[in-house]
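Undergrad: Sequence unavailable; structure follows:
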């Protein structure tokens, strides 16, 4: 084993361990701020893995987009709504945890099995190194032109949607008829029929003594 | 030619639905009567054009409809369907006539009546399996609405029960039709080229079984009869007339046309079991009728019994028995319609159908003498007194079946005797004896039995009179109907496969495929 | 050095290849309408409510016309293999565009009277349409993913559009979480497929790679991709989002989701499973048989117990998707045409039903089934329309749905899918029961049994802007549902022409044929 491959292996091991431990921390830690910071760590380790794979452009994009934008946004959101709130206890939480743990373990076992039984020596294109950027640009304007252009619609729509959901100016009246409106569903919420009856009965019970 | 039998009622329904303004009930009834009269007249024209000597489908019409489904618009008529079309025309007219005072939504009511009539005509005339199924299902929702809107107090339950039973029957029939058409490789569902002989006996029996249960629900036969008494007791009189007289015939028609006609080989295999089934159904219907306290329920159970004869006859599958089956369909249509009409009159006048309450209605001064006389006539016809339609049909059925299935036929004869028992009970309790002097009030039944019953206006009994005359005429002059259906009935049981199987001759395999 | 060489090889191919951008002309029409809506919306709410509807109609109608022009056109892959406008794509895109058109027609009054901006609503719905239409014709994994996301993100936004309503917000959040999970699963599966092809994302390349390698990875990829498809068409057990989302979303949005989004899902299913996973035919057919049986059973049985009209239709749509899956599992010519036909029929009958319940909720503010009691007296139009559409959904002749359902059963039986057909027959009896109970509420209940909502029913007026279009959509849907059955032969021909003009389906049929004979 040459020094280069040893170094590569050590980097891979370090990055992977950071990744797995960080990801576990994200979902298991009770403090949401820690989770957010750990998520940043996870993103960074993924970027490191990309670098190891000679995909420097993807690594850079990962750092810029996920760490620089997404994770920072998450932190902002957490800080903006930094409110201690005692959540109501979920009944049967332990059982739910066991069940979801079992499902995840099963999925993990399945993946492991697939991983171990597959011969991964699949033919693939040669890594391009730093020239990948060029190649990606080429793809974006040739055979991936359609998804590339469609992505602009997707982004536009996400932006508009975010504005729609976030803006405060509320129409107080129907533009056409001028009736007052509440920006809710037309089908108003009602007490379900079955509850109606029990409410009636309980009010009757209160009256009797 | 035949299409007019569909176009007239459907067009009439559309006309009534789109009639401008809000016409009075009488006006709508008149329109309906005119339309249904036209339909009856046109079926008489069809009768005149019909050649009784020809056993094939006649006056055929064909029009491509949905090619990829194999659903063609093909109509034809033969000696089996013609009497039923006539019965349908007559009884729908009768039930429209005897609809005098429905309390609500006359437009909807009469339109539904015409839709049902058209759909039933379509089912009798269809020469394509899917087309038959389409019309068979088409009549479902209107009848459901007729029961559930204009029915008695417990109508929602009865209507839903009817709906579920009939929907299940429809699905069984559809499944069997799909199976038959696709197993045999005849992806066009037309009646003519389909033969089941190329199938293995197992799949034949399976498909036939599905069809038998499907039509058995509709007819109804013993274990599947559960919906009928409820539907009848909750439905109003005209709807009962229609249900008993016409709609049950869809089941028996299907039994003859599709079960016997399409699966002759499997039919022969099953015939002994079917005969026993028929006998059980007859006995059960009769015994259950004896136990009834409600006149209408009693008549309804008598239907269960009398429809068993048709199964018996078709199980025997001799020419005489088949003719008997056709006769029984016609005569049961007329007789049960007559009985339901009379029960309806009694109910309207007295406010009850309870046999424990009714008494001495034949009283000439204060009772319902004329209705009572007609009732006695109807009961006699139903019990198979000679000189009336019931006798001819029962005689033919038993005569045709006794050689094939002596035991089942004897049991059915016992059932026929029981008919006399329960109908005598009915007549004895309700019509004979003394009419009560004081008013009887019973909290269970709504209304009370007035000791001075309002006179029955002649116009109320005219439809019943007409039916009674029909019953007697067929009983005295059966030759007319016989000539009409004889060829078809004979042809039906002389399918090569059936004859071969009956006489124990092995058919060359695939000879007809 | 290698790079320059590769570049030299690639460059001339790029310049010499045709984009065939004409294939996406219908989408362009929708996109232009979308942008026009956004621009008009800048001028204020009053102007928007005046001008947005005609812009949308123009865009969608021209999209439909352009689609009609593409019918049976010579097939050329466009965008270097990203998109293919075969007849299958044209048919499903037409269903999607039609469903958007009808949903928009029934939306205006609903959106105005809830006080939410019309311009953005239309724009987001058009974006969802765009995504769904691209999804129908996409032929590489990246395009599929992006169009799927365009559809999904717009759908999340639409379900949360009534943002002041907790139910709407809940619906959007649930949809977002479950939908993102499904998207992630799809991406995982797609990345496995990408790896298998050795660097290609076109469905042709994927199909080729799957034929040659039958490793466990392919099975895993199949399961992942299939889960996404099942999520999109709301097949049991991937249906849990449906009832809550349908109940909480604005009703016109539900109308679109139940038809347009589902149609796109089925197109995707056809492209991926039939076009791509054909070497795993037995496996995915088995899985889909299970899904279809579960969907038909659970959807129809749970629908029995619903008290809310929207929830009932949600479960019924799960059941209906189960029926359509029969056609997918068959994989015969009849099976595919039955699918196409049933989707087209479902478009009209389901949107007709939604038009009626929107009209009812506009007038009474309720979607509880028991509130429909005695409606025939106050509003014959809704009663008639809803009855006909529900009967059609239940498969009662002579409605359009009857013919569609018969065709599905016919195809299923011809392909020896007896179990599926039997389950379908039984569950359609069940479905008749719950559709009839709604009709019973409306038609059978007498005036004295009428609900409070019906007793205080407002006078019927059609003068308010947005109501005439609602009426147009309602009448059109009901008419097509009622009369379309009797005149359904052109529709049948259209469905089989769709299958005949789609090489991918033809290949599948041809490869299935020897098996059927043997």
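TA: Okay, I see it. None of the values given here were measured: they were computed from a predicted structure.
Undergrad: Can you list the low-confidence ranges for chain B?
TA: B:186-188, B:192-197, B:436-452, B:494-513 (pLDDT under 70).
Undergrad: got it, and chain A?
TA: Across chain A (using pLDDT under 70), the flagged ranges come out as A:1, A:84-85, A:121-124, A:169-170, A:190-209.
Undergrad: Find the nearest non-adjacent residue to residue B:432, please.
TA: Spatially, and ignoring its direct neighbours in sequence, residue B:432 is nearest to residue B:362 (6.1 Å; Cβ to Cβ, 6 or more residues apart in numbering or on different chains). Where C-beta positions appear, they are placed from N, C-alpha and C, glycine not excepted.
Undergrad: What residues of stretch C:319-338 count as buried?
TA: Within stretch C:319-338, the residues scored as buried using 16 or more other Cβ atoms under 10 Å in any protein chain shown are C:319-338.
Undergrad: what's the answer for stretch C:21-32, then?
TA: Of the residues in stretch C:21-32, those buried by neighbour count under the rule 16+ other Cβ under 10 Å are C:22, C:23, C:24, C:25, C:26, C:27, C:28, C:29, C:30, C:31, C:32.
Undergrad: same check, this time on stretch A:172-182
TA: A:174, A:175, A:176, A:181.
Undergrad: List phi and psi for the residue nearest to residue B:432.
TA: phi -80, psi 0 (degrees, to the nearest 10).
Undergrad: What about it, how many residues nearby?
TA: 20 (other Cβ atoms under 10 Å in any protein chain shown).
Undergrad: cool, and residue C:104?
TA: Using other Cβ under 10 Å, residue C:104 has 26 other residues around it.
Undergrad: Could you work out the most separated pair of the buried residues of stretch C:21-32?
TA: The most widely separated members of these, counting by Cβ to Cβ, are C:23 and C:32 (16.3 Å).
Undergrad: okay, the buried residues of stretch C:21-32 in a markdown table with secondary structure and distance to chain A next?
TA: Below are the buried residues of stretch C:21-32 laid out as a markdown table (DSSP: H, G, I helix; E, B strand; the rest coil; distance: Cβ to the nearest Cβ, whole Å):
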| residue | secondary structure | distance to chain A |
| --- | --- | --- |
| C:22 | helix | 13 |
| C:23 | helix | 10 |
| C:24 | helix | 7 |
| C:25 | helix | 13 |
| C:26 | helix | 14 |
| C:27 | helix | 9 |
| C:28 | helix | 11 |
| C:29 | helix | 14 |
| C:30 | helix | 10 |
| C:31 | helix | 7 |
| C:32 | helix | 12 |
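Undergrad: is any part of the one helix or strand residue C:111 maps to close to chain A?
TA: Using DSSP states H and E, residue C:111 maps to helix C:108-114. Yes. Judged by Cβ under 8 Å from any Cβ of the partner chain, helix C:108-114 and chain A are in contact via C:110, C:112, C:113, C:114.
Undergrad: Skipping adjacent residues, who's closest to the closest residue to chain A within the stretch 51-200 of chain B in space?
TA: Of all residues in the stretch 51-200 of chain B, residue B:156 sits closest to chain A, at 18.0 Å by Cβ to the nearest Cβ. Nearest residue to residue B:156 in three dimensions, chain neighbours excluded: residue B:148, at 5.9 Å (Cβ to Cβ, 6+ apart).
Undergrad: Which is the succeeding secondary structure element to the helix or strand containing that neighbour?
TA: According to DSSP H and E, residue B:148 maps onto helix B:140-150. Remark: after helix B:140-150, the chain's next helix or strand is helix B:155-183, criterion DSSP H and E.
Undergrad: Any idea how many residues pack against the closest residue to chain A within the stretch 51-200 of chain C?
TA: Nearest residue of the stretch 51-200 of chain C to chain A, counting by Cβ to the nearest Cβ: residue C:115, 2.9 Å away. Neighbourhood size, residue C:115 [other Cβ under 10 Å]: 21.
Undergrad: ok so, going back, so, if you compare the residues of helix C:108-114 next to chain A, which one comes nearest to residue C:498?
TA: residue C:110 (32.4 Å).
Undergrad: contacting residues for the residue nearest to residue B:295 when sequence neighbours are not counted?
TA: Residue nearest to residue B:295 in three dimensions, not counting chain neighbours: residue B:353, with 4.3 Å by Cβ to Cβ, 6+ apart. Contacts for residue B:353 (Cβ atoms under 8 Å, 6 or more residues apart in numbering or on different chains) come out as B:294, B:295, B:296, B:343, B:346, B:347.
Undergrad: Can you pick out the most distant pair from these?
TA: Top of the distance list for these (Cβ to Cβ): B:294 and B:346, 11.6 Å.
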